[in-house]
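# Build me a model from this:
(chains A and B)
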Amino acid sequence: MAQTLYDKLWDAHLVKQRDDGTALIYIDRQLLHEVTSPQAFEGLRLASRKPWRLNANLATPDHNVPTTLKERSAGVSGIEDETSRIQVQTLDDNCDEFGITEFKINDIRQGIVHVIGPEQGATLPGMTLVCGDSHTATHGAFAALAHGVGTSEVEHVLATQCLIQRKMKNLLIQVDGELQPGVTAKDIILAVIGEIGTAGGTGYAMEFAGSAIASLSMEGRMTICNMAIEAGARVGLVGCDQTTIDYVKGRPFAPKGEQWEQAVAYWKTLHSDADAAFDKVVTLDAASIEPQVSWGTSPEMVAPIKGKVPDPAQAADESQRKSWERALEYMGLKANQAITDIQLDRVFIGSCTNSRIEDLRAAAEVAKGRKVAASLKEALVVPGSGLVKKQAEEEGLDKIFIEAGFQWREPGCSMCLAMNADKLGQGEHCASTSNRNFEGRQGYGGRTHLVSPAMAAAAAIAGHFVDVRNF
Amino acid sequence: MQKFTQLNGLVAPLDRANVDTDLIIPKQFLKSIKRTGFGPNLFDELRYLDEGFPGQDCSQRPVNKDFVLNQPRYQGSEVLLARKNFGCGSSREHAPWALVDYGFRAVIAPSFADIFFNNAPKNGLLLIQLDEATVERLFQEVEANEGYRLLVDLPAQTVTTPSGEVLSFEMDSFRKHCLIEGLDDIGLTLKDADAIKAYEAKRAEQTPWIFS
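Have a look, this model is predicted:
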């Protein structure tokens, strides 16, 4: 019978189907970070349990780590915020105690979990992969079944290498056609979320397919899968093709020699069959997608750059009207205001959505030979990992950013969620390449606008949003 | 885990769709390495008029009197009545920890986000899904009647209103069993240790690179 990619991955990891409708699903890889793991390790200790399979786990601190060289240079002990320091130290202690591989704070391989997994080849096609972080959907770009879990499930996977699951439904997002120059993977996913809403994918595994997806690099596919959760889907997926295989080849954790050939033969089967049935299909025309900017406090509140902030009077229903009114009030925006009139205080280029080498190249291309607007308080570029940073420096991207007036930082999650010192002040507007524009997400009272790296760089130069296609 | 069988709880209405877990418990409180103590910071940005920090004495902070949980009539609430897509966004289990630590035992909404839906029952927090029209009616009843309580009966899968109306809800039999018995599902999974080992042995032949 024809199967979707999700069906194939599910079947390959089914340990046991139980009578009550739940299933025991085997987990090949778990990524760990400092925020959602301490209580899981504590749970293991309290129950005198040991990790089931040590080498299934890979850890790194990312959410709390400072991004200035000054604060980073002394390692963990140099972290000024005491609670952050304790949390990072706790991850080190737990990994040392249990024998789990960890890329510690100043290891060049340290970075955002969702950047380092693929970069190391620790994320492979056909795997099941979990992490105590909702953006684990990122790894689905490799035809891996990957999703975020809570801390109880982190502990469950540590202890049993399995999760108790119910099968989700299949959703296909079909994007055909060619993107306009200046329009990127980020714009595709923001347009998808704008179309189906933040709960549009709830209960589904969301597969992205079509010619526009097939022509994306792995970085672009990761950006798209990363934000599946912002459309409500825990799982984002893209079928495996030659782009996937070429990306994985030669990475430290990737199979070698004879096992490589065996793996590639299997990976080539990891796509939905031509006549596979999906429970829901949504189609988008890539050529009609414009650069997107979020104006509100939910990722579904997006508009094309040439568009306007919507008028609550035009809302579809009472619930939408109330949420638009509340969003406009929080964001300090007026109905029908042009998106290009939104003035900015800060710009953030980074996060598990957009901090990979291709993202930095796209932003640098816009920034090259230009200057950050004097009206901006700060423009940050935070690479996703030590290795991304190194590569960018080898390509001279750091110099382009610094000459343009951007700050070039050390890797981590940084201002995406502002658990470290990088945050917005109250009322400040930020063009951000991250994934969430929730109230307070980037700092208390901060106002986030989600955009692509190229759009963020152009906004940094102009001091307000501009259409990068005319820049 | 705390067992859940029946509850006759005061209901607090949170009239807002798409409540995300950042709103339920903001990130600065995620720096704790414990599972407890999040209650005073539940809905921190809605509850207080200032910015909250970990470890501070919340009793000294300026309170947003308009926020539902600060109104005298809702003190001691154990049932949270909410709108669609409750718990969306971040996977942080600190969200159910904060709701439970505050004193909530159950949340009623038309829909829940997937990860929150998985996390909550593992902490004894019962999630009850009722259709949108019913939830709307409950909002009206709660707001019109001070001291409004709902009788939640998990074994019977019913919610009974003060007027005696009985509303049924769907519930996964596995989750129901774990909640009623207060079971640790790691212990349950480890009963299948032999099946897990047999699966690993088979996979190690088919996809050896995963295990090398």
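
# so who does residue A:67 touch?
Neighbouring residues of residue A:67 by C-beta atoms under 8 Å, 6 or more residues apart in numbering or on different chains: A:380, A:382, A:409-412, A:414, A:420-422. (Each C-beta comes from the backbone N, C-alpha and C, glycine too.)

# Likewise for residue B:99?
Contacts of residue B:99 by C-beta under 8 Å, 6+ apart are B:24, B:42, B:80, B:107, B:120, B:125.

# Residue A:466 too?
Residues near residue A:466 by C-beta under 8 Å, 6+ apart: A:305, A:340, A:458-459.

# pLDDT of stretch A:332-347, averaged?
Taken as a whole, stretch A:332-347 has a mean pLDDT of 98.

# go on, stretch B:50-69?
Averaged across stretch B:50-69, the pLDDT comes to 96.

# Show residues contacting that stretch.
Outside stretch B:50-69, the residues that touch it by C-beta under 8 Å, 6+ apart are A:83, A:426, A:444-445, B:12-15, B:26, B:28-29, B:31-32, B:40-49, B:70-71, B:74, B:77, B:102.

# picking up where we left off before, now, the most widely separated pair of the contacts of residue A:466?
A:340 and A:458 (10.8 Å; C-beta to C-beta).

# which residue ranges form the strands in chain B?
Applying DSSP state E to chain B gives strands spanning B:6-13, B:79-81, B:106-109, B:126-129, B:149-153, B:158-160, B:166-168.

# Now render those strands as CSV, adding mean pLDDT, mean neighbour count and distance to residue B:197.
Below are those laid out as CSV (pLDDT from 0 to 100; neighbours: other C-beta atoms under 10 Å in any protein chain shown; distance: least, C-beta to C-beta, whole Å):
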stretch, mean pLDDT, mean neighbour count, distance to residue B:197
strand B:6-13, 98, 18, 40
strand B:79-81, 98, 26, 42
strand B:106-109, 98, 23, 38
strand B:126-129, 98, 21, 34
strand B:149-153, 98, 19, 40
strand B:158-160, 98, 18, 42
strand B:166-168, 98, 13, 41
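
# domains of chain B?
Under the assignment automatic domain parsing, the domains of chain B span B:6-181, B:184-212.

# buried sites along the helix or strand hosting residue A:262?
Residue A:262 belongs to helix A:257-267 when assigned by DSSP states H and E. For helix A:257-267, a neighbour-count test (16 or more other C-beta atoms under 10 Å in any protein chain shown) marks A:260, A:263-264, A:267 as buried.

# elements contacting that helix?
helix A:242-248 (3 or more C-beta pairs under 8 Å, 6 or more residues apart in numbering or on different chains; DSSP states H and E).

# which residues are in contact with the helix it packs on?
Outside helix A:242-248, the residues that touch it by C-beta under 8 Å, 6+ apart are A:118, A:121, A:124-125, A:141-143, A:214, A:216-218, A:221, A:238, A:254, A:264, A:267-268.

# the longest strand in chain A is where?
Under DSSP E, chain A gives strand A:169-176 as its longest strand.

# is any part of the following helix or strand past that strand close to chain B?
Remark: after strand A:169-176, the chain's next helix or strand is helix A:185-196, criterion DSSP H and E. No - Helix A:185-196 lies out of reach of chain B by C-beta under 8 Å from any C-beta of the partner chain, never closer than 11.6 Å.

# Nearest to residue B:196, out of the strands of chain B?
strand B:126-129 (28.3 Å).

# That closest one close to chain A?
No - counting by C-beta under 8 Å from any C-beta, chain A is not contacted by strand B:126-129; separation bottoms out at 11.5 Å.

# Alpha carbons of that strand, as PDB, please.
The C-alpha coordinates for strand B:126-129 follow below in PDB (Å, rounded to 0.1, in the frame of the first residue of the first chain):
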ATOM      1  CA  LEU B 126      -6.500  16.900  33.500                       C
ATOM      2  CA  LEU B 127      -7.300  18.500  30.100                       C
ATOM      3  CA  ILE B 128     -10.900  18.400  29.100                       C
ATOM      4  CA  GLN B 129     -11.900  19.200  25.500                       C
END
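
# Surely residue A:140 is within a helix?
Yes - the assignment for residue A:140 is a helix, going by DSSP: H, G, I helix; E, B strand; the rest coil.

# correct me, but it touches residue A:234?
No - look at residue A:140 against residue A:234 with C-beta atoms under 8 Å: they stay out of range, at 9.6 Å.

# Pull up the overlap in contacts between these two.
Here residue A:140 and residue A:234 share the contacting residues residue A:228, scored by C-beta under 8 Å, 6+ apart.

# who's more crowded, these two?
Between residue A:140 and residue A:234, counted using other C-beta atoms under 10 Å in any protein chain shown, residue A:140 has the larger neighbour count: 32 against 28.

# related to what we said a few turns ago, could you name every residue contacting both of residue A:340 and residue A:458?
A:466-467.

# Between the two, which has more neighbouring residues?
Between residue A:340 and residue A:458, residue A:458 has the larger neighbour count (other C-beta under 10 Å), namely 28 against 16.

# that's a helix at that one, yeah?
Yes - remark: residue A:458 belongs to a helix, assigned using three-state DSSP.

# and chain A, what are its domains?
Per automatic domain parsing, the structural domains of chain A span A:1-290, A:292-470.

# Can you give the distance of the last one from its chain's centre?
Here the centre of domain A:292-470 is set off from its chain's centre by 15 Å, with C-alpha atoms, centre = their mean, to the nearest Å.

# Longest helix in chain A, please.
Taking DSSP state H as the criterion, chain A has its longest helix at helix A:82-98.

# So how do I select the buried members of the contacts of helix A:242-248 in PyMOL?
Once 16+ other C-beta under 10 Å is used to decide burial, the buried members of the contacts of helix A:242-248 can be selected in PyMOL as follows:
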select buried, chain A and resi 118+121+124+125+141+142+143+214+216+217+218+221+238+254+264+267
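
# residue ranges of the helices in the stretch 351-471 of chain A, please?
Here the stretch 351-471 of chain A has its helices, by DSSP state H, counting those that start in this stretch, at A:357-367, A:386-394, A:397-404, A:453-462.

# Dump those to TSV, plus mean pLDDT.
Formatted as TSV, the helices of the stretch 351-471 of chain A follow (pLDDT from 0 to 100):
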stretch	mean pLDDT
helix A:357-367	98
helix A:386-394	98
helix A:397-404	98
helix A:453-462	98
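
# ok, and which of these has the densest surroundings?
Of all the helices of the stretch 351-471 of chain A, helix A:453-462 has the most neighbours on average by mean count of other C-beta atoms under 10 Å in any protein chain shown, namely a mean of 28.

# Separate out the buried members of the contacts of stretch B:50-69.
Buried members of the contacts of stretch B:50-69, counted by 16+ other C-beta under 10 Å: A:83, A:444-445, B:12-14, B:26, B:28-29, B:31-32, B:40-48, B:74, B:77, B:102.

# Give me the subset of those residues lying in helices.
Those of the buried ones among the contacts of stretch B:50-69 lying in helices (DSSP H): A:83, B:44-47, B:102.

# And the residues you listed, which is closest to residue A:228?
Nearest to residue A:228 among these, with distances taken as C-beta to C-beta, is residue B:45, at 26.3 Å.

# so what's the closest one scoring on pLDDT?
pLDDT, residue B:45: 97.

# List the contacts of it.
Applying C-beta under 8 Å, 6+ apart to residue B:45 gives the contacts A:439-440, A:444, B:23, B:26, B:52.

# Thank you, goodbye.
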